[in-house]
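Trainee: Just to be clear, the model below is a prediction. Sequence and coordinates:
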Amino acid sequence: PRRGAARRAVGSLTSGGGPIGQSVAVLLITGAISVGIFSSVESSMAEETKTAGAAEMFPELAEQEKQPAAETATDTASKAQPAKPKAKPKAKLTDNGWSYYEIPVEAHNPTIGPENAPVTITVIKDFECSFCKFVTYQTKALKKTYKDQVRWVFKHYPMNADCNYRMGSSRMHEGACRSAFASVCAQEQGKFWEMHDLLYQKQKQFSGAQLRGYAEKLGMDLAAYDACYASDRPAAAIKKDVVLASKMRINGTPRIYINNRAVTGSVAKDVLDYYIQLAMKASTPMEAAKAEVASESTARMIKVKKKSGDFWIDAFESSVDKSGKAVSVPNVMPSFSSWFDADKACKAAGKRMCTEEEWVSACIGEPANDHNNNGKFVDGPVVGRLYPYGPFYEKDTCRDSEDKLSGKPTKTGSMPGCRTPEGIYDLSGNLYEWIGESADDAAMMGGDFRTKTSGTCRRRAATYGAGYKNDTIGFRCCADAQVKDVATASDVRATEITEIVGKGIPDDLVLDLRGGGKLDKSLFKGKVTYLTFFASWCGNCRKQMPAMKLWEDEWKKQGFQVIAINVDRKRERGDKYVVGLDPNFKIAYDPSARTMTDFDINAMPTNFIVDRKGKITKRIVGYKDKEIASTRKAIQDLL
């Protein structure tokens, strides 16, 4: 996930020659998923995780599908064009068409809804793409709700070289071409949308016989279907869509455009509904918040409204001064913090941790609602802004597009466009921000420097406990009344994460052991230890369990032990996970994730080899069968 600083005119949604208020179209293109759009999903749909690859948010959609090499989509910075009075606004025109593209509705494109509808939605899809299936289910109700206001347009992008020349030699989706051909032939008999729905219901059941059976089920003329399927017509229709996708620099599915403007951040029904309503209301270009360079004179706290009244929130992600107080200072590195660190620093400054309601209210620009009375303010209908600076994602506006491995956060307020109209900086990207009045309520908001389009005001992560800390997590404080802050950059304490390799087991390590007893520093004395951290959602953690059991049996008499620390927020998840694994080694529980901070853990599993004196000698991130030999040698050398 990522973002950046660029100029705006977030873009009017236009279709044909008129502004949003006159016409809105929806384009659907099927195929493999575009990473930019679906790198995260709203927490209203499932509990999010901030760990890349963990796939907690939508396990059933975990396989992100994208086209291999050759032509990679790049989210190039948008160039804003000023709108001319009484002329079609030049919304976000980009050099690759990703953000805004005037998409033609061609004669061969299946459509549903009035031709003169105020909204046109174009969807680009592949019938074998799992994310496309998700989009299909999310849009089903919207088609009924807006049957007179929205025109839906479908475009093909099968992820298979047999009918998509841009795939090179890849046949990522084995049945993508056959299913697309069947849909074109159904279209010739006025049955496209019926076939469309049936193909997603029967996804991946796409043999020639099965597809012909679907045609028969829909009451189609089978002789005409067979003639169409054997002709060049399906391939010709698909090629036209692929050529257009090439011009738009699209190399994956699904992609959704509402009045020619790309939808990003999420494809949940509530988000799509938000953009449709926005399109129907807007008649002029919608400007994003004005970019403003932060300086020493920039307001340090901003007054914001919530349902129960006003409150104040720091304008910048918090740093910590040399006395331990949280300070809101521009152009300094924000503090890397656990929730406990953040709570202590905010209280020392005469402030407090922000609640979810307050953080979301500050981000969306209006009082947040708990639509479901479940204590969460990021699910349900989208209101206000989707991003802190406006309704649409703007690449290079916030610090959100850094490399997953080498990327780093930047200084507070240094992205002049990454601000709300009210003057709050960096709510999207840079660092996740802790919120919550208590450790039990702790969650992280807004995404980090890798989040890209998913760093919306609805981005909420609650995978780990309140003790979790690394260089992707910070905080900002709130208060009931304004707290004057006169700190300067020279007052700020340097923030750093120290490497634990070469050091001893922390003195304050005390955790509950499975079956009773405590894990503390003393259990490491006199033994060589393979220490591993695991979570219930971690597949590779499960894969390494057999090897650890073998090592425990093989070397136990030589003074070796395996200790596994579970960091699930709820202990019962860890217990359930190990059932059936029959572990023969010690398992401890750390639902607060404090030890993840002590050991600077960013991925699961992370493993350490500890010598007989309790000194940590080696860190091993992840688990691969080919690395077993080197791990065994490192252990045997110590034994």
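Mentor: The structure has been received and is ready for your questions. Numbering: from 1, shown residues only.

Trainee: Just give me the neighbour total for the closest residue in space to Asp148 that isn't next to it in sequence.
Mentor: Excluding its sequence neighbours, the residue lying closest to Asp148 (C-beta to C-beta, 6 or more residues apart in numbering) is Pro114, at 6.4 Å. All C-beta atoms are positioned from the backbone trio N, CA, C, and that covers glycine. Applying other C-beta atoms under 10 Å, we find 15 residues neighbouring Pro114.

Trainee: now the one 3 residues further on
Mentor: Around Ala117 sit 23 other residues, with neighbours defined as other C-beta under 10 Å.

Trainee: Ile497 too?
Mentor: 12.

Trainee: Pull the contacting residues for it.
Mentor: 336, 469-471, 600 (C-beta atoms under 8 Å, 6 or more residues apart in numbering).

Trainee: Same question for Ile505.
Mentor: With C-beta under 8 Å, 6+ apart, Ile505 has these contacts: 521, 524, 610, 614, 616.

Trainee: Just the element for Lys347, please.
Mentor: helix 339-348 (DSSP states H and E).

Trainee: Over to Ser592?
Mentor: Applying DSSP H and E, one finds Ser592 in no helix or strand.

Trainee: And it, how far from Ile302?
Mentor: For Ser592, the distance to Ile302 equals 31 Å [C-beta to C-beta, to the nearest Å].

Trainee: More neighbours: which of those two?
Mentor: Between Ser592 and Ile302, Ser592 has the larger neighbour count (other C-beta under 10 Å), namely 22 against 19.

Trainee: Quick check: the residue nearest to Asp148 touching Thr120?
Mentor: No - Pro114 lies out of contact with Thr120 (C-beta atoms under 8 Å); the separation is 9.9 Å.

Trainee: what sits up against stretch 218-238?
Mentor: So stretch 218-238 is contacted by 108, 156, 158, 163-164, 177, 180-182, 184-186, 188-189, 191, 194-195, 198, 212, 215-216 (C-beta under 8 Å, 6+ apart).

Trainee: before we move on, back to that, greatest separation within the contacts of Ile505: which pair is it?
Mentor: Lys521 and Ile616 (11.9 Å; C-beta to C-beta).

Trainee: Touching both of these two, which residues are there?
Mentor: 504-505.

Trainee: the more surrounded of these two?
Mentor: Each of Lys521 and Ile616 has its neighbours counted (other C-beta under 10 Å); Ile616 has more, 20 against 14.

Trainee: So that one lies in a strand, does it not?
Mentor: Yes - Ile616 sits within a strand when classified using DSSP: H, G, I helix; E, B strand; the rest coil.

Trainee: Next, show the common contact partners of Pro114 and Thr120.
Mentor: Common neighbours of Pro114 and Thr120, using C-beta under 8 Å, 6+ apart, are Arg151.

Trainee: about what we covered before: which helices and strands does the helix holding Lys347 pack with?
Mentor: strand 326-327, strand 352-353, strand 473-475, strand 477-479 (3 or more C-beta pairs under 8 Å, 6 or more residues apart in numbering; DSSP states H and E).

Trainee: how does it look with 6 Å?
Mentor: Where contact means 3 or more C-beta pairs under 6 Å, 6 or more residues apart in numbering; DSSP states H and E, helix 339-348 is packed against strand 352-353.

Trainee: now the strand it packs on, how far from the chain's geometric center?
Mentor: Chain-centre distance of strand 352-353: 26 Å, with C-alpha atoms, centre = their mean, to the nearest Å.

Trainee: Provide the strand pairings for that strand, with the direction of each partner.
Mentor: Strand 352-353 sits in its sheet next to strand 477-479 (antiparallel), going by DSSP bridges.

Trainee: which residues make contact with the strand it pairs with from outside it?
Mentor: 311-314, 318, 326, 346, 351-352, 354, 358 (C-beta atoms under 6 Å, 6 or more residues apart in numbering).

Trainee: quick one, domains of the protein?
Mentor: 24-173+243-281, 288-497, 510-638 (automatic domain parsing).

Trainee: do you know which of these lies nearest Gln203?
Mentor: Set against Gln203 and scored by C-beta to C-beta, the domains of the chain come closest in domain 24-173+243-281, at 5.6 Å.

Trainee: Report the mean per-residue pLDDT for the closest one.
Mentor: Mean pLDDT, domain 24-173+243-281: 70.

Trainee: which residues sit in contact with Trp312?
Mentor: Counting by C-beta under 6 Å, 6+ apart, Trp312 makes contact with 301, 303, 479, 482.

Trainee: so what secondary structure elements neighbour the strand or helix carrying the second one?
Mentor: Assessed by DSSP H and E, Lys303 sits inside strand 301-306. In terms of contact count using 3+ C-beta pairs under 6 Å, 6+ apart, strand 301-306 is assigned the packing partners strand 309-314, helix 356-364.

Trainee: Given the helix or strand following the first one, what are its sheet partners and their directions?
Mentor: The one in question is strand 309-314. Once the chain leaves strand 309-314, the next helix or strand it forms, by DSSP H and E, is strand 319-320. With DSSP bridges as the test, strand 319-320 is paired with strand 326-327 (antiparallel).

Trainee: which other residues reach the strand it pairs with?
Mentor: Here strand 326-327 makes contact (C-beta under 6 Å, 6+ apart) with 318-321, 345-346, 349, 477, 485, 487.

Trainee: is it possible to export these to a markdown table including pLDDT and neighbour count?
Mentor: Listed next are the contacts of strand 326-327 as a markdown table, based on pLDDT from 0 to 100; neighbours: other C-beta atoms under 10 Å:
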| residue | pLDDT | neighbour count |
| --- | --- | --- |
| Ser318 | 97 | 28 |
| Ser319 | 97 | 28 |
| Val320 | 97 | 27 |
| Asp321 | 96 | 20 |
| Ala345 | 97 | 24 |
| Cys346 | 98 | 26 |
| Ala349 | 98 | 23 |
| Cys477 | 98 | 27 |
| Asp485 | 87 | 22 |
| Ala487 | 91 | 20 |
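
Trainee: Out of those, which is nearest to Tyr393?
Mentor: Nearest member of those to Tyr393, counting by C-beta to C-beta, is Ser318, at 25.3 Å.

Trainee: contacting residues around Lys469?
Mentor: Lys469 touches 337-338, 597, counting by C-beta under 6 Å, 6+ apart.

Trainee: ok, and the most crowded of the contacts of Ile497?
Mentor: Lys469 (26 neighbours).

Trainee: Secondary structure element for that residue, which one?
Mentor: Short version: Lys469 belongs to no helix or strand, going by DSSP H and E.

Trainee: For stretch 431-447, measure first residue to last.
Mentor: End-to-end distance of stretch 431-447 (C-alpha to C-alpha, to the nearest Å): 6 Å.

Trainee: Thanks again, I'm all set now.
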